[in-house]
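Undergrad: missing the sequence, but the structure's below:
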């Protein structure tokens, strides 16, 4: 039996580690074995996914890159190894190779038993000039070599499958590693939040308990006279403390509920976001005598995000600008934008009080506030930064004390939008309503 030098391809137990190029020398080895003193040329041709017979490799002849349709049809009908005359019009070898001798053809089959190609040798001698026993031996040898080709083709198919599975496993491993890293970070972050919450909530709770004690003393006055005005003041203090705790707890709940994958990301028109926030904060803007404007150059700019997240980011930044305005000058809040191939950035700039340079990092921490007398739980910017990081983006600030601040949200662009927002509107509460 002819021994085929397949190198290490047929012996390996880990095909995924074998490069695709390793199979080509095996085909060349087979063709070299098929050629002898009589058979001067050999060709390996395979049927592609489109049903065309294409030359894979050849020795001693120059076959066409794509064989005639008649040859491919004949090959499907042939069904076994046989000798064919070059002038056989059905097979079409003479026309394809410009010869009139004989061709020995081994039909190749795939794993499902369907013809998938041929291994053929060619001789300038006509069939009746080749001894019968020599022809039988040649066909037997060609059949063995054809079986070796089928084995290599099977290995190549298995290799492709294993490579795909291997790549899938590597991708899954990377995804799992990323998810574990995210969960560990989220767990550490929640521990951090819990520590901060315990500290921040303790203060208004301690104040409430103290005030309640003062109310109790007032009620227990020996003369039975209760200063109702003082009690009302104490109750207002308790109420303010409870509202502050509620706001902090609501903010903590929002932080804890954020997921790693925004659920409904789509292209958002920046102008629609600004209009929605303007409606939501109409009363505060009017009370402050403030203007919220979109830079004309930003008209038509889009960002890719969940609509609720996009509205929340814009609303928080505008609310901060109103909260930290400078009462000595009218407040103007301007939304600018810039884009490149990879990101979209919108900036909310104001002419308010501004922030000292040493406070720039502190304001993004949980309960981080520059003015501790200002309203709010001190969670808005922490929530905004965490939202932006869900998208692989960034939130930064440029500010000068006494001159105003500019907060910039940079988000990755997506070339294929999930769903356009052309037919949707943002309500004053941040919800999305469809006009279709």
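TA: Everything's here; your move. Given the structure is predicted, the values throughout are model-derived calculations rather than measurements. Numbering: from 1, shown residues only.
Undergrad: Helices of the stretch 201-350 of the chain, start to end?
TA: Counting by DSSP state H, counting those that start in this stretch, the stretch 201-350 of the chain has helices at residues 228-257, 270-280, 282-288, 307-323.
Undergrad: right, so those helices: which one is the most enclosed?
TA: With neighbours taken as mean count of other C-beta atoms under 10 Å, the helices of the stretch 201-350 of the chain reach their highest mean count in helix 307-323, at a mean of 22. Bear in mind the C-beta positions are built from the backbone N, C-alpha and C, glycine included.
Undergrad: now the strands for the chain?
TA: 39-47, 53-59, 82-85, 102-109, 115-123, 266-269, 291-294, 302-305, 332-339, 343-350, 394-400, 404-412, 424-426, 432-434 (DSSP state E).
Undergrad: quick one: low-confidence parts of the stretch 251-400 of the chain?
TA: The stretch 251-400 of the chain contains residues with pLDDT under 70 at 251-263, 360, 362, 364-379.
Undergrad: circling back: will you turn the strands of the chain into a markdown table that also has mean neighbour count and distance to residue 153?
TA: Listed next are the strands of the chain as a markdown table, based on neighbours: other C-beta atoms under 10 Å; distance: least, C-beta to C-beta, whole Å:
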| stretch | mean neighbour count | distance to residue 153 |
| --- | --- | --- |
| strand 39-47 | 23 | 8 |
| strand 53-59 | 18 | 10 |
| strand 82-85 | 17 | 20 |
| strand 102-109 | 23 | 7 |
| strand 115-123 | 24 | 7 |
| strand 266-269 | 21 | 46 |
| strand 291-294 | 16 | 63 |
| strand 302-305 | 25 | 45 |
| strand 332-339 | 19 | 50 |
| strand 343-350 | 22 | 47 |
| strand 394-400 | 16 | 51 |
| strand 404-412 | 21 | 43 |
| strand 424-426 | 18 | 53 |
| strand 432-434 | 12 | 54 |
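Undergrad: And residue 225, how close does it get to residue 236?
TA: Here residue 225 is placed at a distance of 21 Å from residue 236 (C-beta to C-beta, to the nearest Å).
Undergrad: what do you get for residue 181?
TA: According to C-beta to C-beta, residue 181 stands 47 Å off from residue 236.
Undergrad: likewise residue 208?
TA: 12 Å.
Undergrad: One more: residue 76?
TA: As judged by C-beta to C-beta, residue 76 and residue 236 stand 92 Å apart.
Undergrad: ditto for residue 338
TA: 47 Å.
Undergrad: Likewise for residue 249?
TA: 20 Å.
Undergrad: what do you get for residue 88?
TA: Distance from residue 88 to residue 236, by C-beta to C-beta: 106 Å.
Undergrad: now residue 384
TA: With distances taken as C-beta to C-beta, residue 384 is found 31 Å from residue 236.
Undergrad: ok, now residue 176?
TA: 53 Å.
Undergrad: And residue 102, by the same measure?
TA: Residue 102 is 110 Å from residue 236, by C-beta to C-beta.
Undergrad: you'd agree residue 79 is up against residue 107?
TA: Yes: contact criterion C-beta atoms under 8 Å: residue 79 and residue 107 qualify, at 6.3 Å.
Undergrad: returning to that earlier point: would you mind giving the strands of the chain as TSV with distance to residue 137 added?
TA: Formatted as TSV, the strands of the chain follow (distance: least, C-beta to C-beta, whole Å):
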stretch	distance to residue 137
strand 39-47	12
strand 53-59	20
strand 82-85	12
strand 102-109	11
strand 115-123	12
strand 266-269	71
strand 291-294	87
strand 302-305	70
strand 332-339	73
strand 343-350	71
strand 394-400	75
strand 404-412	67
strand 424-426	78
strand 432-434	78
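Undergrad: Distance of residue 400 relative to residue 327?
TA: Residue 400 sits 18 Å away from residue 327, going by C-beta to C-beta.
Undergrad: As a quick check, tell me the outermost residue of this structure.
TA: residue 223 (74.0 Å; C-alpha atoms, centre = their mean).
Undergrad: Quick check: which of the helices of the stretch 201-350 of the chain is nearest to residue 390?
TA: Closest approach to residue 390 among those (C-beta to C-beta): helix 307-323, 7.7 Å.
Undergrad: Against which helices or strands is the closest one packed?
TA: Helix 307-323 is packed against strand 266-269, helix 270-280, helix 282-288, strand 332-339, strand 343-350, helix 380-390, strand 404-412, strand 424-426, with contacts defined by 3 or more C-beta pairs under 8 Å, 6 or more residues apart in numbering; DSSP states H and E.
Undergrad: go with 7 Å
TA: strand 266-269, helix 270-280, helix 282-288, strand 343-350, helix 380-390 (3 or more C-beta pairs under 7 Å, 6 or more residues apart in numbering; DSSP states H and E).
Undergrad: need the helices of the stretch 201-350 of the chain in JSON lines with distance to residue 396, can you?
TA: JSON lines is the format used below for the helices of the stretch 201-350 of the chain (distance: least, C-beta to C-beta, whole Å):
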{"stretch": "helix 228-257", "distance to residue 396": "20"}
{"stretch": "helix 270-280", "distance to residue 396": "18"}
{"stretch": "helix 282-288", "distance to residue 396": "25"}
{"stretch": "helix 307-323", "distance to residue 396": "12"}
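Undergrad: so which of those helices gets nearest residue 57?
TA: Closest among these, using C-beta to C-beta: helix 307-323, at 56.7 Å.
Undergrad: Run the angle between that closest one and strand 343-350 for me.
TA: 30 degrees (axes from the mean of the first three to the mean of the last three C-alpha atoms, to 10 degrees).
Undergrad: Let me know the angle separating helix 307-323 from helix 270-280.
TA: Taking the same axes, to 10 degrees, one finds helix 307-323 and helix 270-280 inclined to each other by 60 degrees.
Undergrad: mind giving me the domain split of this protein?
TA: 15-168, 262-434 (automatic domain parsing).
Undergrad: returning to what we had before: between the helices and strands packed on helix 307-323, which one is nearest to residue 40?
TA: Among these, the nearest to residue 40 by C-beta to C-beta is strand 343-350 (63.6 Å).
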